[in-house]
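Colleague: What follows is a protein structure lacking sequence information:
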């Protein structure tokens, strides 16, 4: 190509359309993924629906298909693992591993938070840097030593991808900060406080030691407990502050679901205001299309980066013939259900 890319040739970081990929940001994605919680569960569910439904090989040559089935017995699990990495990180990177006699053994994924791509001024990946904890100098790999798959792009020309997590960083941080604020507010304001008045009207003020003694006696008042005081002490219960946690939760959940591009129903916690009515059908239909597009992107890149090179180098079959892989679709489209219903005939019995 003659046209170049903006920021694709930087030595220490990759930048496309304003999103910079650095080692610290990759580690941040790792921390979010491993911390668990509703955010991690949402991304895991998104990857599971897209890539956890199983894989089938197809080929015009039946012998080649049998060879593929025998060579990749764990293709279902490999696809899910690579798909999960590609869902969180800008890319998933893997290498082809040979056995001792130089034949194909397996495809081994790398840890994506350790990998940084090196690109030229045209945006093509010319190598990879692996940054390991405790190692000052990165280990360098040529572009043809590793294969990679990306699901999200900043542009049609992007060869390094953008992280789904970093792309929605603002919504994720807002969700997490509000959750922490609600937890703290619950500790401070979610339980009734008491106000104890000590002393008689017109009498001298009690000194600090007497007030401290009274406070210590009232400190352990809990639900169902009875406190006996003298005539000079009155106890009043204070109403806690009103915080509409439900509305805050619904708003944050709605924004988070829209940001990650998953149906609101996947994060629905039971409120009738979430995921009901016609908008839910539109979101589910859109989610089905996004899933299908992600599966096509994955299979096309997997075939180009791994499948055809392996067939060319390690099999006796022609790598230019028609063959490939299909990820089984998840039943998330109403057209799929309609197709199943259309197959039902009056002649059929319950067993059919």
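Modeller: Happy to help now that I have it. Keep in mind that what you see is a predicted model, and the values were worked out from it rather than measured.
Colleague: which residues are contacting stretch 119-129?
Modeller: 1, 3-5, 8-10, 14, 16, 93, 115-118, 138-143, 145-146, 148, 157-160 (Cβ atoms under 8 Å, 6 or more residues apart in numbering). For every residue, glycine as well, the C-beta is placed using N, CA and C.
Colleague: Any figure for the gap between residue 205 and residue 198?
Modeller: Residue 205 sits 9 Å away from residue 198, going by Cβ to Cβ, to the nearest Å.
Colleague: Neighbour count for the two, which is higher?
Modeller: For residue 205 versus residue 198, neighbours defined as other Cβ atoms under 10 Å are more numerous around residue 198 (18 against 9).
Colleague: List the contacts of the more buried one.
Modeller: For residue 198, the contacting residues are 206, 210, 211, 214, 232, 233, by Cβ under 8 Å, 6+ apart.
Colleague: Tell me the gap between the helix or strand encompassing the second one and the middle of its chain.
Modeller: Spelled out, that is residue 210. Using DSSP states H and E, residue 210 maps to helix 208-218. Computed by Cα atoms, centre = their mean, to the nearest Å, the separation of helix 208-218 from the middle of its chain amounts to 52 Å.
Colleague: which other helices and strands contact that helix?
Modeller: When contacts are defined as 3 or more Cβ pairs under 8 Å, 6 or more residues apart in numbering; DSSP states H and E, helix 208-218 sits against strand 193-198.
Colleague: just the helices in the chain please.
Modeller: 23-35, 37-51, 62-71, 75-88, 164-167, 169-189, 208-218, 245-260, 278-302, 308-314, 334-342 (DSSP state H).
Colleague: right, and those helices - which one's nearest residue 324?
Modeller: helix 278-302 (6.6 Å; Cβ to Cβ).
Colleague: Residues contacting that closest one, please?
Modeller: Residues contacting helix 278-302 (Cβ under 8 Å, 6+ apart): 49-51, 79, 82-83, 86, 148-151, 261-265, 275, 324-327, 329-330, 332-334.
Colleague: What mean pLDDT does it get?
Modeller: In this model, helix 278-302 has an average pLDDT of 83.
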